[in-house]
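# Fold the following and give me the result.
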Amino acid sequence: MGKILFFGKLADIAGLTEMALPHSSTAYSFEDILTMVCSDNVELESTLRDQSTKLCINQEILTDKEAVNIKQDDEIAFLPPFSGG
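Take a look at the predicted model:
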């Protein structure tokens with residue numbers, strides 16, 4: 001079973017750091033993931049959609065959140081914006 005991870009301020013907004021990815025016979029889209037994790041949390045949805053929030057699948061940062069097919073055993077991580085040098 002896969003999992004969804006939230007880091008930094010995203011964990012604070014979500015109110016959790018990790019959740020299980022429910023079983024599915026089909027691949028998930030980015031929109032499916034948002035529906036699962038955001039429910040009534042408008043701030044979380046807005047933050048996850050923001051271009052500065054990064055989406056990783058199996059420890060690989062993606063450049064296009066909308067063009068993903070997430071499988072049930074994947075590890076999904078949402079990373080807040082980074083700063084510094």
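# ok, the closest residue to Phe6 other than its chain neighbours - how many residues close by?
In space, and not counting its chain neighbours, Phe6 is closest to Ala14: 4.7 Å by Cβ to Cβ, 6 or more residues apart in numbering. For every residue, glycine as well, the C-beta is placed using N, CA and C. When neighbours are counted by other Cβ atoms under 10 Å, Ala14 registers 21.
# And for Leu62?
14.
# Relative to Glu43, how far out is it?
22 Å (Cβ to Cβ, to the nearest Å).
# which regions of the chain sit below the pLDDT cut-off?
Scanning the chain for pLDDT under 70 picks out 83-85.
# beta partners for the closest residue to Cys56 other than its chain neighbours?
Excluding its sequence neighbours, the residue lying closest to Cys56 (Cβ to Cβ, 6+ apart) is Ala77, at 4.2 Å. Taking DSSP bridges as the rule, Ala77 bridges to Leu5, Cys56.
# measure Ala77 to Lys71 for me?
Relative to Lys71, and taking Cβ to Cβ, Ala77 is found at 15 Å.
# Compare the two (neighbour count), which wins?
In this view Ala77 and Lys71 are compared by other Cβ under 10 Å, and Ala77 has more residues nearby, 19 against 13.
# what does stretch 69-85 contact?
With contacts defined as Cβ atoms under 8 Å, 6 or more residues apart in numbering, stretch 69-85 is touched by 1-10, 21-24, 27-30, 32-33, 47-48, 52-59, 61.
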